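[1] predicted model, plus sequence, below.
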Amino acid sequence: MAVKAVELAVKIKAMLAALRGLREFMDDYPFDEISMKALKGREGAYPFGEVGTYGAAVLGASVSRRSYPRFLSLDDLVLYPPAFTPRRLEKMAELLREPVFTDVSLETELGGFKSAAPLVVASMGSTDIASRYSIQIAKAAAAEGVPMGVGENVSTVRGYEARRSKLHPSFKERVMAYLGNLDGSGGVFIQQNVEDSYDEHWNKVYSDKDLEPFIEEGRVGFEVKVGQGAKPGLGGVIRMRREDAVKVRDKYHFLEDPLTAKGKYVERYSVPGTFTPDILRGTIRMMRNNYPRAKIWIKTGPYRDVAEIIRIASEEGADAVVIDGKEGGTGMAPSAAMKELGYPTVVGLKKIMDARLGGAGLSLLVAGRLFNGAHAVKSIALGASGVYVGRPLILAAMIRGEKGVRNYIEAVKVEIQMLVSALGKYDVREVSREDVASLNQDLARMFGIPYVYSRE
Amino acid sequence: MDAELVDGQVNKSILELEDMVKDEHAFLGFLEKWVQGSWRWVKEDKYRTMLRIEATTLREVRAFLDSRGFTEALAPIVGPVTDPGIRGAKQATIDFYGHEYKVMSSAILYKQYLASSLDKVYFVSPNVRLEPNDSALTGRHLVEFYQVDLEVKGASLEDVISLAEDLVERVVKAVAEEHWRDLERMGRTPPQFKRPFKRYTHAEAVELANKLGCSNPRNTELRWECEKMVSARHGSPLAVYEYPKGSRGFYDREDPGRPGYLRDFDLLYPEGFGEAVSGAEREFEPARVIARMRESGEDPNKYRWYLEMLRENYPLQTAGFGIGVERLVRYICGLRGVWEARPYPKVAGIVSP
């Protein structure tokens, strides 16, 4: 009896621990801010999500944080607006009136694609959650004119054209939902990991007749994945239904053979892929050679030798490098990997700044828990070409479908416009290092920007 | 360099093709009708003659290789893997008892293994490559084609370049002699070559292309356009060797003395016809092959049998090349495109018998 009671107590305790994991994520992740944007769109850029409360509320910047952070983030930087704004005067001379924030141009070029804002929809893969909302996100991203990635394993696990399972869209459905709704700007970049290469994924795409007009127009790119923030150096793992696993058993590593496994589900591992400077260089050359009309993107994680990745990508003529910091999102990663592997997003941004100061001319994007317009403006000021955003779009889609995603992107666009105009500039590409300062001495030193609490 | 180029000029059928593809839409319409009704034109005199010349060509290729001590072997048709170094083309797959098999895009992986037994071996091999849609415009790409694919144990790059030069010279000469009248009737001035043929490094060829006004990045394969321009400036075939890494499959050997460059070559037809032959010394160190597979974005796991074969036959040092049959016949007959150089041609993106 006593043993049973203990066993029950232990079980309950274990379940609570599992729930706590979820709660910790909910508490830590800025759900409220993203939900407000998804629900309210442009008005989500204001507190309470409406302009109407203006004048009816007493507001000010919050000085406290909910919890003590383990590492620093872009929220430890502030924008540093000047009172004197000669560029605003120039803009006024051009417009013949006082400029307002909507006069800020957000148009830019990201990795060989025109983009309506310095924002990219991150390559999300085949996991249930990414897959479920992928069509809504694709349509919204196309309508908003921002580039979008399609992650690894999608074709291999969900099917290239025909669906492998009823609920999940195939690779082609995802890509066409995007390309079919595209207007003047945007483009799609497609990952192929080691297992996808088994199926010649990029070759399939490049010779696909339905994609041909978009390839010819320069709206298609390929993304090499050299790791990701949440688990640099480790491959993905997902749980698959046994019958689905049987179909891909030649291509993936399974701990137990799906043919003989007992359970309903088996765990499928993908390998991280081996890289050396030569392998990366060779891969880019192969891509330029085999797919001359496709843009080349490299996504990488918080590695110590990321500067070399940027250098090689730049020398070989790649179009973009994305650095995903350790707080980057994922469908699944070991806790120890998320906690212990790699450096925070701000450090990735510093690597980008160094590469930029060293003369790198290609698009450099930063990723990892970036979710608002301020993150975008700070990143661009420090040398990034734009931000690479994943999770907020899934949340926005969960909250309000395609409309939620459009709302969210529009809110971020407005936020960027407001902040850039406050800096006295009217083109997002003009923000620079002078526009940021730090609340933290270490970050101030790392970026070589003013520490706001110093005497100087 | 320039003085030696004056003897070449663009063949009139190449100019005709250039003219046709100017209106892409109209050209694709023409091509569609051409390939969809191929049983009609094969009965025309011109194409009946072409088919006979094709037969003579194959006979002469075999006669040449047999005289050099080669053994003809049966070509593989399907297998778990095939040649991945096919410049953006997709492989055709079939269901092999629940496993995905590939239709041979080339027999490269198999000819190396056969050279370990026969020393000098060749296939007359049918291949399938689902080429990118824009290849329909080049006049040089078929989805289904034949190549004579050969491999020589212990040969060097220089050996196989010379072999390719001899083969093209001998075959073109023999076919032209036998079909002199036929060619003239087709409006083709039978080619006559001057040895030695020119040989350029890839870097020199790029420089030449740039000088001719065709800009080509240094580290990539010669673009079709540039290759045509370089070829058009020659009256005899020319070799381009030492391509930068990244432009070829993992099996082309990287020069141990010049990292980043391959011990490989292409032989180009003159008069704007472009690539005839593509070949190389082979990578044979299993660890090198694995690294090269990763460089081309491949999963080494997929090539397990090939890696085991290399390990067991270590060191399997070979060199070889492939020569496309339809391209050779197109050149000999002076045709606009390879879609005129075989019966039932299939081109990218067009459904035809």
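    Sure, I can see it.
[2] for the residue in the stretch 201-350 of chain A that chain B sits nearest to, which non-adjacent residue is spatially closest?
    Closest to chain B within the stretch 201-350 of chain A is A:Arg285: 2.2 Å, counting by C-beta to the nearest C-beta. Where you see a C-beta, it was placed from the backbone N, CA and C, and this is true even at glycine. Using C-beta to C-beta, 6 or more residues apart in numbering or on different chains and skipping residues adjacent in sequence, the residue nearest A:Arg285 is B:Gly246, 2.2 Å away.
[3] tell me how many other residues crowd that neighbour.
    By other C-beta atoms under 10 Å in any protein chain shown, 23 other residues sit near B:Gly246.
[4] any idea which helix or strand carries the residue of the stretch 201-350 of chain A closest to chain B?
    In the assignment (DSSP states H and E), A:Arg285 maps to helix A:277-290.
[5] what's the average pLDDT for that helix?
    Helix A:277-290 shows a mean pLDDT of 92.
[6] quick one: B:Ile86 is in a helix?
    No - according to DSSP: H, G, I helix; E, B strand; the rest coil, B:Ile86 belongs to no helix; its state is coil.
[7] can you tell me which residues in the stretch 151-300 of chain B are near chain A?
    Within the stretch 151-300 of chain B, the positions near chain A by C-beta under 8 Å from any C-beta of the partner chain are B:217, B:219-221, B:223, B:244-247, B:291-292, B:294-299.
[8] in helices, which of the residues you listed appear?
    Counted as lying in helices by DSSP state H, out of those, are B:291-292, B:294-295.
[9] reformat those residues into CSV and put neighbour count and distance to A:Phe113 next to each item.
    CSV is the format used below for these (neighbours: other C-beta atoms under 10 Å in any protein chain shown; distance: C-beta to C-beta, whole Å):
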residue, neighbour count, distance to A:Phe113
B:Ala291, 19, 32
B:Arg292, 25, 31
B:Arg294, 22, 28
B:Glu295, 23, 26
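[10] just give me the closest of those residues to chain A.
    B:Glu295 (2.7 Å).
[11] residue contacts, the closest one?
    Listed by C-beta atoms under 8 Å, 6 or more residues apart in numbering or on different chains, the contact set of B:Glu295 reads A:278-279, A:281-283, A:286, B:245-246, B:250.
[12] for chain B, what are the nearby residues on chain A?
    Counting by C-beta under 8 Å from any C-beta, the residues of chain A lying close to chain B are A:192, A:194-195, A:197-200, A:202-204, A:206-207, A:209, A:212, A:215-216, A:224, A:250-251, A:273-276, A:278-279, A:281-293, A:316-317.
[13] Serialize the ones in helices among the residues of the stretch 151-300 of chain B next to chain A to CSV and add fields for pLDDT.
    Putting those into CSV (pLDDT from 0 to 100) gives the following:
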residue, pLDDT
B:Ala291, 93
B:Arg292, 93
B:Arg294, 90
B:Glu295, 89
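[14] between the residues you listed, which is closest to B:Ala164?
    Nearest to B:Ala164, judged by C-beta to C-beta, of those is B:Arg292 at 23.1 Å.
[15] give me every residue that touches the closest one.
    A:282, B:250-251, B:254, B:283.
[16] buried ones among the residues of the stretch 151-300 of chain B next to chain A?
    Buried members of these, scored by 16 or more other C-beta atoms under 10 Å in any protein chain shown, are B:217, B:219-221, B:223, B:244-247, B:291-292, B:294-299.
[17] could you find the closest non-adjacent residue to B:Ile323?
    B:Val277 (4.6 Å).
[18] the one you found: neighbour count?
    26.
[19] which SS state does it fall under?
    Secondary structure, three-state DSSP: B:Val277 is strand.
[20] again, but for the one 3 residues further on
    Three-state assignment for B:Ala280 (three-state DSSP): strand.
[21] correct me, but it touches B:Tyr251?
    Yes - taking contacts as C-beta atoms under 8 Å, B:Ala280 lies within contact range of B:Tyr251: 7.4 Å.
[22] by contact count, what packs against the helix ranked longest in chain A?
    Longest helix in chain A by number of residues (criterion: DSSP H): helix A:391-422. Judged by 3 or more C-beta pairs under 8 Å, 6 or more residues apart in numbering or on different chains; DSSP states H and E, the packing partners of helix A:391-422 are helix A:31-40, strand A:119-124, helix A:134-144, helix A:373-381.
[23] ok, back up a step: can you pull the contacts of the residue nearest to A:Arg285?
    By C-beta under 8 Å, 6+ apart, the residues touching B:Gly246 are A:281-286, A:288-289, B:219-220, B:295.
[24] what's the domain layout of chain A?
    Here the domain parsing of chain A from automatic domain parsing is A:103-234+A:270-447, A:236-267.
[25] and the end-to-end length of the longest one?
    Between the opening and closing residues of domain A:103-234+A:270-447 there is a gap of 29 Å (C-alpha to C-alpha, to the nearest Å).
[26] also stretch A:79-87?
    17 Å.
[27] stretch A:260-273 now?
    In stretch A:260-273, first residue to last residue: 27 Å (C-alpha to C-alpha).
[28] cool, stretch A:207-221 as well?
    13 Å.
[29] going along the chain, name the strands of the stretch 1-150 of chain B.
    Assigned by DSSP state E, counting those that start in this stretch, the strands in the stretch 1-150 of chain B fall at B:71-72, B:78-79, B:93-96, B:99-103, B:120-128, B:144-153.
[30] name the nearest residue to residue 351, ignoring sequence neighbours.
    Went with chain A since none was named. Excluding its sequence neighbours, the residue lying closest to A:Lys351 (C-beta to C-beta, 6+ apart) is A:Val306, at 4.9 Å.
[31] chain B is the one I meant
    Computed as C-beta to C-beta, 6+ apart, the closest residue to B:Val351 that is not its neighbour in sequence is B:Gln36, at 7.8 Å.
[32] wouldn't the one you found be in contact with B:Pro353 here?
    Yes - using C-beta under 8 Å, B:Gln36 is in contact with B:Pro353, at 7.2 Å.
[33] what's the angle from the helix or strand hosting A:Ala93 to helix A:391-422?
    A:Ala93 belongs to helix A:86-95 when assigned by DSSP H and E. Angle between the axes of helix A:86-95 and helix A:391-422 is 80 degrees (criterion: axes from the mean of the first three to the mean of the last three C-alpha atoms, to 10 degrees).
[34] and the contacts of helix A:86-95?
    A:98-99, A:103, A:421, A:424-426, A:430.
[35] what pLDDT, on average, does it get?
    Averaging pLDDT along helix A:86-95 yields 95.
[36] picking that back up, give me the helices and strands touching the helix holding A:Arg285, please.
    helix A:201-206, strand A:220-226, strand A:295-300, helix A:306-315, helix B:286-295.
[37] residue ranges with poor pLDDT in the chain?
    Unless you meant another one, I'm taking chain A. A:1, A:21, A:48, A:50-58, A:65-67 (pLDDT under 70).
[38] looking at chain B here, not the other one
    Checking chain B against pLDDT under 70 turns up B:1-8.
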